[in-house]
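> Next come a sequence and a model predicted from it.
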Amino acid sequence: MVPVSDAHWSRLCPQALSGFDPRLEVLRAVQAAGERAAGDAVAALLGLLHGALPQGLRLNPPGTDTRNFDEDWLLGLFAAQDRRDGSGYRFLLLSRLNRVDAARAHFRLVQARLRIEDRL
């Protein structure tokens, strides 16, 4: 017989406790695919951000349990869009990008978000 504590859902789905976000996994997978994903809206976003950010865009490999600053920043952008928080969204964009790159990134974020949600 399985002890009750071992049968708890959190032991079966550890990603639920680790801050797992399927959108981040799509971003990581597309970056890991590299040029094979060329032409995709998500790949276009990642390429733009890699060139626009001073240190480039750093994403962990798919399946990694931890998040880095760039990943938290991207998820923060998505969360601000979810909340319809225009001020927070602009702040996040302009905190790391100049105005021209922020405008380009906004366009790519909207496209990528639609593509990511299609994949989920």
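Perfect, I can see it now.

> buried set for the top helix by length along the chain?
Ranked by number of residues, the top helix in the chain under DSSP state H is helix 99-119. Across helix 99-119, burial judged by 16 or more other C-beta atoms under 10 Å covers 101-102, 104-106, 108-109, 112-113, 115-116. C-beta: built from backbone N, CA, C; applies to glycine.

> Of those, which is the nearest to residue 62?
In terms of C-beta to C-beta, no member of the buried residues of helix 99-119 lies closer to residue 62 than residue 116, at 13.8 Å.

> Could you measure from the closest one over to residue 24?
Residue 116 sits 9 Å away from residue 24, going by C-beta to C-beta, to the nearest Å.

> now residue 101
In terms of C-beta to C-beta, residue 101 sits 21 Å off from residue 24.

> picking up where we left off before, can you list contacts of the longest helix of the chain?
Helix 99-119 is contacted by residues 23, 26-27, 40-42, 44-45, 48-49, 52, 77-78, 81, 90, 93-94, 97 when judged by C-beta atoms under 8 Å, 6 or more residues apart in numbering.

> Quick one: mean pLDDT over it.
Averaged across helix 99-119, the pLDDT comes to 92.

> Show me where the chain dips below the pLDDT cut-off.
Across the chain, the ranges flagged by pLDDT under 70 are 1-19, 35-39.

> Contacts only, for the residue nearest to the spatial centre of it.
In the chain, the residue lying closest to the centroid (C-alpha atoms, centre = their mean) is residue 24, at 3.8 Å. Counting by C-beta under 8 Å, 6+ apart, residue 24 makes contact with 59, 67, 71, 74-75.

> now the angle between helix 99-119 and the host helix or strand of it, please.
Assessed by DSSP states H and E, residue 24 sits inside helix 22-33. Relative orientation of helix 22-33 versus helix 99-119 (axes from the mean of the first three to the mean of the last three C-alpha atoms, to 10 degrees): 100 degrees.
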